[in-house]
Structures are given as structure tokens and as C-alpha cells.
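In: Okay, sequence plus prediction incoming.
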Amino acid sequence: SQQGEEDPQALSIQEGENATMNCSYKTSINNLQWYRQNSGRGLVHLILIRSNEREKHSGRLRVTLDTSKKSSSLLITASRAADTASYFCATDSGGSYIPTFGRGTSLIVHP
Amino acid sequence: DAGVIQSPRHEVTEMGQEVTLRCKPISGHDYLFWYRQTMMRGLELLIYFNNNVPIDDSGMPEDRFSAKMPNASFSTLKIQPSEPRDSAVYFCASRGIEVNEQFFGPGTRLTVL
């Protein structure tokens, strides 16, 4: 069963705009990760945020975590056509540290 | 490092045939995961190994599915007999001992006719 659920399911924007995706989860977590999947490829890790962190940055990516609301957001600033992909959140909880993936948000960036 | 290697990249077979998917994890990684991805069910964890030992196979859908990891550099996922509903993309991923990112292979697209 999925722990994290991404919202929206699909997002279509113009190049240069910002893209925001959200992830909600149900139980307390150790870590939350975001992955990207280009069409026909495997998932690629983008960023990990720990449960005691509130915000992390990596290049044009900004991730926030609100454990009180059990939610996270991924912001891609100044989007590019190459950012077109599906984005997944993955959470791990308990002692196993094995992540569970959501269904993903499909992002299309129009040039 | 070449990353996680999977073979074949595409497999088309007929119902009832045996299918074997192969995976070579990144050298030095202690964990190996097998996932299945479909539009209907998303990305499902089938089984994972730690130091070549299967730890959790609760995601394996049926007895028709089996996975082995005979050594640290090789794993197989076998479906026998295959059915059309097994059609999906199967991913292998590996991870080091630290709690961090998983490295995914390119996947095997399986079509069972």
C-alpha cells in the first residue's frame, strides 16, 4: 500500500514558471525522499529530508516538510522543458528504513 | 560504476512461459530491491534482500513469482508460469548501508501475450 500520495496527479506549466508538487502521508516517518522518473527510465533520487528538518535546497529544488500536517512539498523554480518527468515521494518509517513510494505527479513543462 | 544493470530491457512472451529477469546491483551496495510498476498500481515493492538474504517478500504477488540472490553481484526474478496480468515494468534498485538514496536500474518492460 502507498504511504505517500502526491498531488496533483498531473501538472502542466510553461517554461520559466515554478512547479509545486505536494506529498501527504499517513504515519510518522523517519525520512522523506523525492525521486524523478523520465519516460522509459528508472527513478533518480533528487533529495532526502529527515523528519527533524523543515526545509532543504538543492539547486533549483526546494523541499519542505511539515510533520504536523504529514505533508511535504517539492518546488522546482524556473522550470525547463527538461524537467518534464514524473515525480515521486517516498517515505520510510519504523525501524526498517525501507521507503514506500507514492503514485507520482506527472509534470509537463512546455517550451 | 555503470550503475544498476538489468537485462533484458524488453521481454515479450506468451502466457504460460517462464520469464527470468536479471539484475546486477552497484558494487558494494548491501540492499537490493525488486519493484513492479503499472499504471493501475503504481510502483510496488516485491521483495528486498540485505547481504544476499531475502528480508521481506510480502509484496510478491503469488507463488508464481520467485527471486534469488546467489551472490552480491547478481539477482534474478522469475515468473513461472507467466500471465498477461504480469505485464509491467520491473525495476531493480540497490542501496548502500547508509539510509539514503536508492539507485534504480533502467527497468525491464515485460509483455505477456
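Out: Perfect, thanks for sending it.
In: Residue A:34 and chain B: what is the separation?
Out: For residue A:34, the distance to chain B (C-beta to the nearest C-beta, to the nearest Å) stands at 10 Å. From N, CA and C alone the C-beta is placed, and that goes for glycine too.
In: How about that residue, nearest residue that isn't a chain neighbour?
Out: Once flanking residues are discounted, residue A:34 sits nearest to residue A:46: 4.5 Å by C-beta to C-beta, 6 or more residues apart in numbering or on different chains.
In: Now that neighbour: which helix or strand?
Out: strand A:43-50 (DSSP states H and E).
In: Run me through the strand neighbours of the helix or strand following that strand, direction for each.
Out: Moving toward the C-terminus from strand A:43-50, the next helix or strand (DSSP H and E) is strand A:55-58. Using DSSP bridges, strand A:55-58 pairs in its sheet with strand A:61-66 (antiparallel).
In: pLDDT averaged over the partner strand, what's the number?
Out: Confidence over strand A:61-66 (mean pLDDT, whole number) is 98.
In: can you check stretch B:15-27 too?
Out: pLDDT averaged over stretch B:15-27 gives 97.
In: On the three-state scheme, the residue of chain B most remote from its centre is what?
Out: The C-alpha centroid of chain B is most remote from residue B:98, which lies 21.2 Å away (C-alpha atoms, centre = their mean). Here residue B:98 is recorded as coil under DSSP: H, G, I helix; E, B strand; the rest coil.
In: partner residues bridging residue A:74?
Out: residue A:21, residue A:63.
In: circling back: need the contact list for the residue nearest to residue A:34.
Out: A:33, A:34, A:35, A:36, A:58, A:61, A:74, A:87 (C-beta atoms under 8 Å, 6 or more residues apart in numbering or on different chains).
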